[in-house]
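Asker: sequence? don't have it. structure:
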Ligand SMILES: [Zn+2]
């Protein structure tokens, strides 16, 4: 999973002799590299375009598109040259970007060209034209991060030998401004190689006259040896209980009881009522400013709900993932968001299960746990013991009783047991082929 964090930078660039380079001069060099980046991208796209035209003509003549090996041969090694390296060879001596950054830059232009090609052919857009304020593309191997006396330092290698000689600079060193704790955590994890650094961008902000690093990083799911991919934790996001999760055949279960939400809901609703009441009866200076102003405090409550939800969902998802790890589950199975909109209770309807699901997925991936979504159908009506599906299996919202085998359990637990079965959605389709009884 790839993420990006934007980091403001303070120049600490030194020349080859160890003298500070003035900020204005650093900017001039980087601007020149931006200009070169623009040229490289534009030329790369032009090559792509010519290549595309050549391929089409070749196709007209011979009834098939040319293969690399048919016309571009590196004679010295007898290896076919793909367009990529052809372009790279043409450009490498003209610019100061080192080989890694040059190929990152051209690859990006290729990718964009390919993306737009269909539209270009249809005439819906013209050939790409890159402007001067190009981000500087940094290959992941050209970025270093380190912490030094509580400060975070980043270093980039941009230049090839000719560039280094011309500017008398080897690397570009910057101090990173750490604006909050979460940024600090990300940087620490990158330094500890818990997160992997990916190809990133250096961007100039004209307004702030400052350079920013859009640092891409990924948590390459480190497989935890004790997690078994075949051990599935079934997660039911439900009505009576916000979360109920279990491993098939295991009586032990993870539940989040709705008490905290219920309590919060009550306090919010009574507050809403009393504020609306006050607003109407007036007398507190909000009168005379229209209904929206008068009801404003009630709207601020929406923020409060959103904050509560965010905090609660973080807490719940963290606890759930801890449970999955404790149980050694390498897979979490959940239903694709189901009929929450059918829910009659407006508070539950607004409770974003989507948000909860996203947080679960995110945290699962951090631990190397695979997340599988299944189609939501009949998991609450199906008996997890005998497979009997019947809408009357459900005694009440909270209790399940199988009409076939008499299995009696908490309804959310029974649903989570079903969800914990591999390919349960396909099994249910098989089981219901003759129609639900
Ligand atoms: Zn049964």
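Answerer: Looks like it arrived, so ask away. No experiment lies behind these values; they were computed from the predicted model shown.
Asker: How about the residues of the protein by the ion?
Answerer: Residues of the chain found near the ion (C-beta under 5 Å from the ion) are 383, 385, 386, 388, 402, 404, 405, 407. In this view, the C-beta of every residue, glycine as well, is placed from N, C-alpha and C.
Asker: Which parts of the chain belong to which domain?
Answerer: Segmentation of the chain into domains, based on automatic domain parsing, reads 2-218, 228-259+311-431.
Asker: Kindly reformat those domains as TSV containing mean neighbour count.
Answerer: Listed next are the domains of the chain as TSV, based on neighbours: other C-beta atoms under 10 Å:
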stretch	mean neighbour count
domain 2-218	16
domain 228-259+311-431	18
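Asker: Output these in TSV, with mean pLDDT appended to each entry.
Answerer: As requested, the domains of the chain are exported to TSV (pLDDT from 0 to 100):
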stretch	mean pLDDT
domain 2-218	86
domain 228-259+311-431	86
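Asker: Now that we have these, can you turn them into JSON lines and tack on distance to residue 300?
Answerer: Supplementary listing: those in JSON lines, determined by distance: least, C-beta to C-beta, whole Å:
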{"stretch": "domain 2-218", "distance to residue 300": "24"}
{"stretch": "domain 228-259+311-431", "distance to residue 300": "16"}
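Asker: All the helices of the stretch 251-400 of the chain, in order from the start?
Answerer: Per DSSP state H, counting those that start in this stretch, the stretch 251-400 of the chain has helices spanning 259-281, 290-294, 296-326, 346-350, 353-366. These are given in chain order.
Asker: okay if I get those as a markdown table plus distance to residue 113?
Answerer: Output for the helices of the stretch 251-400 of the chain, formatted as a markdown table (distance: least, C-beta to C-beta, whole Å):
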| stretch | distance to residue 113 |
| --- | --- |
| helix 259-281 | 50 |
| helix 290-294 | 49 |
| helix 296-326 | 40 |
| helix 346-350 | 44 |
| helix 353-366 | 31 |
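Asker: between those helices, which one is nearest to residue 55?
Answerer: With respect to residue 55, and counting by C-beta to C-beta, the nearest of these is helix 353-366 at 39.5 Å.
Asker: So in the protein, which helix runs the longest?
Answerer: Taking DSSP state H as the assignment, the helix of the chain that covers the most residues is helix 23-62.
Asker: how distant is it from the center of its chain?
Answerer: Here the centre of helix 23-62 is set off from its chain's centre by 29 Å, with C-alpha atoms, centre = their mean, to the nearest Å.
Asker: Give the other helices and strands that that helix contacts.
Answerer: helix 83-91, helix 99-122, strand 136-138, strand 196-205 (3 or more C-beta pairs under 8 Å, 6 or more residues apart in numbering; DSSP states H and E).
Asker: Present these as JSON lines; the columns should include distance to residue 308.
Answerer: As requested, those are arranged in JSON lines below (distance: least, C-beta to C-beta, whole Å):
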{"stretch": "helix 83-91", "distance to residue 308": "51"}
{"stretch": "helix 99-122", "distance to residue 308": "41"}
{"stretch": "strand 136-138", "distance to residue 308": "40"}
{"stretch": "strand 196-205", "distance to residue 308": "34"}
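Asker: so which of those gets nearest residue 31?
Answerer: When those are compared by C-beta to C-beta, strand 196-205 sits nearest residue 31, at 7.3 Å.
Asker: What strands flank the closest one, and is each parallel or antiparallel?
Answerer: Each strand that strand 196-205 pairs with, and the sense of that pairing, follows from DSSP bridges: strand 136-138 (antiparallel), strand 210-218 (antiparallel).
Asker: Report the inter-axis angle for it versus helix 23-62.
Answerer: Calculated by axes from the mean of the first three to the mean of the last three C-alpha atoms, to 10 degrees, strand 196-205 forms an angle of 110 degrees with helix 23-62.
Asker: what angle do strand 196-205 and helix 99-122 make?
Answerer: Computed by the same axes, to 10 degrees, the angle between strand 196-205 and helix 99-122 is 70 degrees.
Asker: now strand 196-205: how far from the chain's centre is it?
Answerer: Mean C-alpha position of strand 196-205 versus that of the full chain (C-alpha atoms, centre = their mean) differs by 16 Å.
Asker: and for stretch 378-387, what are the contacting residues?
Answerer: 236, 238, 248, 335, 388-391, 393-394, 400, 402, 404-405, 407, 409, 411, 414-415, 417-419, 421, 424, 427-428, 431-432, 436 (C-beta atoms under 8 Å, 6 or more residues apart in numbering).
Asker: Need the distance between the two termini of that stretch.
Answerer: Stretch 378-387 has an end-to-end distance of 11 Å (C-alpha to C-alpha, to the nearest Å).
Asker: and that stretch, how far from the chain's centre?
Answerer: Relative to the chain's own centre, stretch 378-387 is displaced by 34 Å; criterion: C-alpha atoms, centre = their mean.
Asker: for stretch 387-401, same thing?
Answerer: Put simply, stretch 387-401 sits 38 Å off its chain's centre (C-alpha atoms, centre = their mean).
Asker: Of the helices of the stretch 251-400 of the chain, which is nearest residue 160?
Answerer: Of all the helices of the stretch 251-400 of the chain, helix 353-366 sits nearest to residue 160, with 37.1 Å by C-beta to C-beta.
Asker: Okay then, goodbye and thanks.
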